[in-house]
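**Student:** Sequence first, then the predicted structure, then my questions.
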Amino acid sequence: MKVPGYPVCVVRALVVLGLLALAGCVTTTDSPFAKEANKQKAEENYVKLGMAYIGQGNYDRARDHLERALQINPDSPGALSGMGLIYQTEGEPDLAEKSFREALDSDSGYTRGRVFYGAFLYNQGRYKEAETQFSRASQDTEYDDRGSVFYNLGRTQDELGHFEDAVASYKRAVGLSRGNANYLLALSTSLVRQGDYASAEHYYNQLVGMMQHNPKLKHSPESLLTGLRLAHHFGDENREASLALLLRKQYPESEQLKQYRALISND
């Protein structure tokens, strides 16, 4: 797995849920409370299955299960958000936004749906609106993936030119995730841009340490360029030569190689 350098889409906005099988038929009883509980459980299961199929790229099956959830509860925030994701992949931004908005109108505290909506806005280039959604989502202390929310918030703040805010968001993401290659790269890259080379070196070394212990993690052009800028600043000629060789061999046509050549030509 490569450590991405500023991916186009927001990393982890789409959460892949485990594929859960429906446990038999819905039991019917004479109790209206039992019937309501069974309907709610069925709705939840249909949403989980629908989201799992989205994660697999099987949108027809996903749509089928999400529509069943909506038949049970037309205001299901999970099903509405899932439909928004499907419309987004189908190139129907108006329908996607309508579904995301309906999900949040149904339940303003549905943080996962707010993250999906923020990712949609980011991909539409509507960064200020995306920042608002991610900022609100980050306030949910019970959300099970707050690290990714702060990372998404930082990416959006980068696009808006709010660089100090982005550094703060990336630091929260790193702290909450207990080590994530994407977050460490974003933070170290942002700190280099801010001129805080000592702090950037600290986080970049953590990233390199993770890569040394995980053979699936490989340098991206962005991670190589960040390392080169640090090595160049600190006068570490051996490390700079090694990283420059990797960048030339693995990414000879990359924009990052052009930026590195500009850096050394300016000296």
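**Tutor:** Cool, got the structure.
**Student:** residues near the residue lying closest to residue 68 once chain neighbours are set aside, how many?
**Tutor:** Excluding its sequence neighbours, the residue lying closest to residue 68 (Cβ to Cβ, 6 or more residues apart in numbering) is residue 46, at 4.7 Å. Where you see a C-beta, it was placed from the backbone N, CA and C, and this is true even at glycine. If you count neighbours by other Cβ atoms under 10 Å, residue 46 ends up with 25.
**Student:** these two touch, right, residue 185 and residue 222?
**Tutor:** Yes - the pair residue 185 / residue 222 is scored as a contact, 6.6 Å apart, by Cβ atoms under 8 Å.
**Student:** give me the number of residues near residue 203?
**Tutor:** Close neighbours of residue 203, defined as other Cβ under 10 Å, add up to 23.
**Student:** try residue 266
**Tutor:** With other Cβ under 10 Å as criterion, residue 266 counts 6.
**Student:** For it, list the residues it contacts.
**Tutor:** Listed by Cβ atoms under 8 Å, 6 or more residues apart in numbering, the contact set of residue 266 is empty.
**Student:** when you give positions from now on, start the count at 44
**Tutor:** That works, and once the first residue is 44, the last one we named lands at residue 309.
**Student:** Phi first, then psi, for it.
**Tutor:** Per-residue torsions, residue 309: phi -80, psi -20 (degrees, to the nearest 10).
**Student:** Likewise for residue 196?
**Tutor:** Note on residue 196: backbone dihedrals following degrees, to the nearest 10 are phi -60, psi -40.
**Student:** Quick check: which element contains the closest residue to it other than its chain neighbours?
**Tutor:** Nearest residue to residue 196 in three dimensions, chain neighbours excluded: residue 177, at 4.0 Å (Cβ to Cβ, 6+ apart). Using DSSP states H and E, residue 177 falls within helix 170-181.
**Student:** buried residues in stretch 172-184?
**Tutor:** For stretch 172-184, burial by neighbour count (16 or more other Cβ atoms under 10 Å) applies to 172-181, 183.
**Student:** and that stretch, how far out from the chain's middle?
**Tutor:** Distance of stretch 172-184 from its chain centroid, counting by Cα atoms, centre = their mean, to the nearest Å, is 13 Å.
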